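*Asks:* A structural model of the following input is requested.
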Amino acid sequence: MSDVGSNIESDAWVADSGLFIACGRQQNNKYTALRRFAQRNGISFVIPQRVYAELGGAPNRSTPGQTPINSAIDAGWVTVADELDYTNGAVAAVMDNVRRFIAQASNRSEDQIEKADTALAGVAMQLLDSGNAASVTVVTTDTDAGKGVVRAIEARGFEEQIEFKNGFDLIEEIT
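*Replies:* As a prediction, this is how the structure comes out:
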């Protein structure tokens, strides 16, 4: 198992909904551990707008009137990414490549791949391509998506600037 601390130097951490779903409710020790990890290390997990939409619709299962993701955003340890620029050829290419990679790895057709999975790649590419991040760690509970993001972004010339961290492993390491 890798040491979580070795990944902290990354400028940006892009996370999927699976990480937050695996942590559970705000009162859960995993959620608290993730919040403490982010705050202690000065990390603000960047989530694609599609991920925010997935996580933002659960107020009945959490604190009345406040979803866990909105609490995390208000506390500053989660940030919603800018709108993806689909006119940027690099962003569009990595999203297409990730969709193909996941489809092949999971033996599904490309139209069955979740758009949030490809959005992880889009956000990571946009951060790197714009110079807003020198490196990105993608945290996802979907191994195929994580591997696909790394492969697609490295193919665009960003070797050594993209890393995949399994969300379940991260939770285990910090709790």
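*Asks:* any chance you could map the helices in the chain?
*Replies:* 17-23, 29-40, 49-55, 68-75, 89-106, 115-130, 143-155, 167-174 (DSSP state H).
*Asks:* May I ask which helix or strand of this protein has the lowest mean pLDDT?
*Replies:* Lowest by mean pLDDT, DSSP states H and E among the helices and strands of the chain is helix 68-75, with a mean of 89.
*Asks:* Run through the neighbouring helices and strands of it.
*Replies:* In this structure, helix 68-75 packs against helix 17-23, helix 29-40, helix 49-55, strand 78-80, with contacts taken as 3 or more CB pairs under 8 Å, 6 or more residues apart in numbering; DSSP states H and E. All C-beta atoms are positioned from the backbone trio N, CA, C, and that covers glycine.
*Asks:* Please work out the average pLDDT along the first one.
*Replies:* Yep, that's helix 17-23 we're talking about. What helix 17-23 shows for mean pLDDT is 93.
*Asks:* could you say what helices and strands it packs with?
*Replies:* The contact analysis (3+ CB pairs under 8 Å, 6+ apart) places helix 17-23 against helix 29-40, helix 49-55, helix 68-75, strand 136-140, helix 167-174.
*Asks:* from those, which stretch is densest packed?
*Replies:* strand 136-140 (a mean of 26; mean count of other CB atoms under 10 Å).
*Asks:* re the thing from before, in JSON lines, list the helices and strands packed on helix 17-23 along with distance to A121.
*Replies:* Output for the helices and strands packed on helix 17-23, formatted as JSON lines (distance: least, CB to CB, whole Å):
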{"stretch": "helix 29-40", "distance to A121": "22"}
{"stretch": "helix 49-55", "distance to A121": "12"}
{"stretch": "helix 68-75", "distance to A121": "21"}
{"stretch": "strand 136-140", "distance to A121": "8"}
{"stretch": "helix 167-174", "distance to A121": "16"}
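*Asks:* between these, which one is nearest to Q104?
*Replies:* strand 136-140 (17.4 Å; CB to CB).
*Asks:* Between helix 167-174 and the closest one, find me the angle.
*Replies:* Counting by axes from the mean of the first three to the mean of the last three CA atoms, to 10 degrees, strand 136-140 points 100 degrees away from the direction of helix 167-174.
*Asks:* before we move on, back to that, out of the helices and strands packed on helix 17-23, flag the one nearest I113.
*Replies:* When the helices and strands packed on helix 17-23 are compared by CB to CB, helix 49-55 sits nearest I113, at 12.3 Å.
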